[in-house]
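Enquirer: when you get a sec, could you give me coordinates for this:
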Amino acid sequence: MTANSSVATSPRPAPPLPFYGPVLDDFSAVNALIPRQLTSDVHLVEEIGQHLVEAGGKRLRPLVVLLAANACAADSEARVKLAAVIEFLHTATLLHDDVVDSSGLRRGKLTANALWGNAPSVLVGDFVYSRAFQLMVELGQLDILAVLAEATNVIAEGEVMQLANIGRLDLSEDDYRTIINAKTAKLFEAAAHSAALLSPAHAPHRDAQIAALKRYGQALGLAFQLVDDSLDYAGDAAALGKNVGDDLAEGKLTLPLIVALRDGDEATRQVVREALSKKDASALAAVQSALQTCDALGYTQRAAEREIASAKAALEVLPPSPYREALGALADFALHRAY
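Expert: You can find the predicted model right below:
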């Protein structure tokens with residue numbers, strides 16, 4: 001790794017949300033480590049790396065690592081490195097996703113593929129993946145490497161499943177859940193699971209805490225995607241930092257549309273079918289009205305509420321601490337967020 005980099009000069013501050021409070025020092029350390037790990041002798045890698053750092057984001061997945069690891073009394077240096085690994089895995093998938101989806105806006109900024117083209121975005125995504133695995137090796141825990149290697153594989157399968165089902169009007173709710181569990185929830189699950197594996201080997205109730213945090217991560221991730229899919233029809237583009245209606249324009253059948261096609265009247269189903277078949281973003285207002293007629297967004301929100309209840313119940317296994325409280329507050333944020 002090279003030392004010369006403009007990327008390394010501007011660590012990103014922690015967002016001003018209360019559940020970051022118990023791990024502010026750790027979070028700052030992660031924000032400092034990320035740009036240092038994005039250095040390269042290749043100028044284009046440096047340039048896109050700088051863009052990624054400046055684009056920011058909530059960094060919820062590394063936050064899950066830090067909170068879960070602290071709740072289990074894990075070593076500080078290891079948890080910071082693991083949090084950076086999780087953020088790199090997430091960033092790499094976003095770089096690839098934006099190419100696949102032809103997305104032009106993320107976190108309120110132009111995407112890397114919009115600025116530099118598809119090929120550089122894919123290749124820098126590969127670079128970021130490789131950095132993640134280098135850091136994994138530095139952790140020196142084969143069990144964590146196994147969890148993250150499996151997660152990376154499952155996430156890739158989830159993205160392919162989603163792509164293969166574009167425009168499929170008979171997609172069931174179970175099929176949809178399989179897809180979002182793989183492409184989104186798996187990384188949240190891996191973040192919490194691997195963080196728990198950093199706990200001392202002979203800690204009391206270690207196995208129960210590992211299982212509980214794994215379940216917390218999965219449920220949090222499912223809820224996060226459910227809310228995300230709802231916000232694509234009910235959110236505000238400025239708050240979201242990305243375009244509303246992108247799923248419709250890409251022909252993605254998410255839960256609100258699945259509910260409309262399943263539970264709506266014929267007029268509702270016709271509006272949704274036509275908009276999906278044409279990938280017609282200009283039909284967004286008509287689809288939004290159709291979703292209201294069958295409470296599709298309400299159904300999706302209630303599904304997210306059930307997952308959050310499951311996530312918070314899993315936390316009861318952990319001893320009381322500010323970190324456990326923050327994990328619960330993070331779950332509430334994931335459910336009620338507007339961005």
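Enquirer: quick one: buried residues of the longest helix seen in the chain?
Expert: In the chain, ranked by residue count with DSSP state H as the criterion, the top helix is helix 206-234. By 16 or more other C-beta atoms under 10 Å, the buried positions in helix 206-234 come out as 209-210, 212-234. The C-beta positions use only the backbone N, C-alpha and C, and glycine is treated the same way.
Enquirer: elements contacting it?
Expert: Helices and strands touching helix 206-234, by 3 or more C-beta pairs under 8 Å, 6 or more residues apart in numbering; DSSP states H and E, are helix 60-71, helix 173-180, helix 186-197, helix 246-250, helix 255-263, helix 284-293, helix 296-314, helix 322-336.
Enquirer: these: lowest mean pLDDT?
Expert: Mean pLDDT values for those show the minimum at helix 246-250, a mean of 89.
Enquirer: same for it, what does it pack against?
Expert: Using 3+ C-beta pairs under 8 Å, 6+ apart: helix 246-250 touches helix 206-234.
Enquirer: measure how the helix it packs on sits relative to helix 186-197, angle-wise.
Expert: Interaxial angle, helix 206-234 versus helix 186-197 (axes from the mean of the first three to the mean of the last three C-alpha atoms, to 10 degrees): 150 degrees.
Enquirer: helix or strand for Leu33, just tell me which one.
Expert: helix 24-37 (DSSP states H and E).
Enquirer: swap that for Ala119, please
Expert: Assigned by DSSP H and E, Ala119 falls in helix 118-139.
Enquirer: and that helix, what's buried?
Expert: Neighbour counts over helix 118-139 (16+ other C-beta under 10 Å) mark 120-125, 127-129, 131-133, 135-136, 139 as buried.
Enquirer: of those, which is the nearest to Leu330?
Expert: Of all those, Ala132 has the smallest distance to Leu330: 22.3 Å, by C-beta to C-beta.
Enquirer: what about the closest residue to that closest one other than its chain neighbours, how many neighbours?
Expert: Nearest non-adjacent residue to Ala132, counting by C-beta to C-beta, 6 or more residues apart in numbering: Phe88, 3.8 Å away. By the measure other C-beta atoms under 10 Å, the count of residues near Phe88 is 25.
Enquirer: tilt between the one helix or strand Phe88 maps to and helix 186-197?
Expert: If you go by DSSP H and E, Phe88 is part of helix 76-101. With the same axes, to 10 degrees applied, the angle from helix 76-101 to helix 186-197 works out at 170 degrees.
Enquirer: just to revisit the earlier point, isn't the residue nearest to Ala132 up against Phe127?
Expert: No. The pair Phe88 / Phe127 is not scored as a contact, 9.6 Å apart, by C-beta atoms under 8 Å.
Enquirer: list residues touching both of the two?
Expert: Both Phe88 and Phe127 lack any common contact, where contact means C-beta atoms under 8 Å, 6 or more residues apart in numbering.
Enquirer: for the closest residue to Ser310 other than its chain neighbours, give me its contacts.
Expert: In this structure, Ser310 finds its nearest non-sequential neighbour in Ala219, 4.3 Å apart by C-beta to C-beta, 6+ apart. The contact partners of Ala219, taken as C-beta under 8 Å, 6+ apart, are 185, 307-308, 310-311, 314.
Enquirer: quick one: which of the residues you listed is most hemmed in?
Expert: Ala311 (29 neighbours).
Enquirer: excluding its backbone neighbours, what's nearest that one?
Expert: Ala219 (3.8 Å).
Enquirer: for Arg262, same thing?
Expert: Glu173 (7.7 Å).
Enquirer: just Val53 next, same as before
Expert: For Val53, ignoring the flanking residues on the chain, the nearest one in space by C-beta to C-beta, 6+ apart is Pro35 at 5.0 Å.
Enquirer: returning to that earlier point: same list, the helices and strands packed on helix 206-234, but as TSV with distance to Glu157 please.
Expert: Shown next, in TSV, are those (distance: least, C-beta to C-beta, whole Å):
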stretch	distance to Glu157
helix 60-71	19
helix 173-180	9
helix 186-197	9
helix 246-250	19
helix 255-263	20
helix 284-293	29
helix 296-314	21
helix 322-336	24
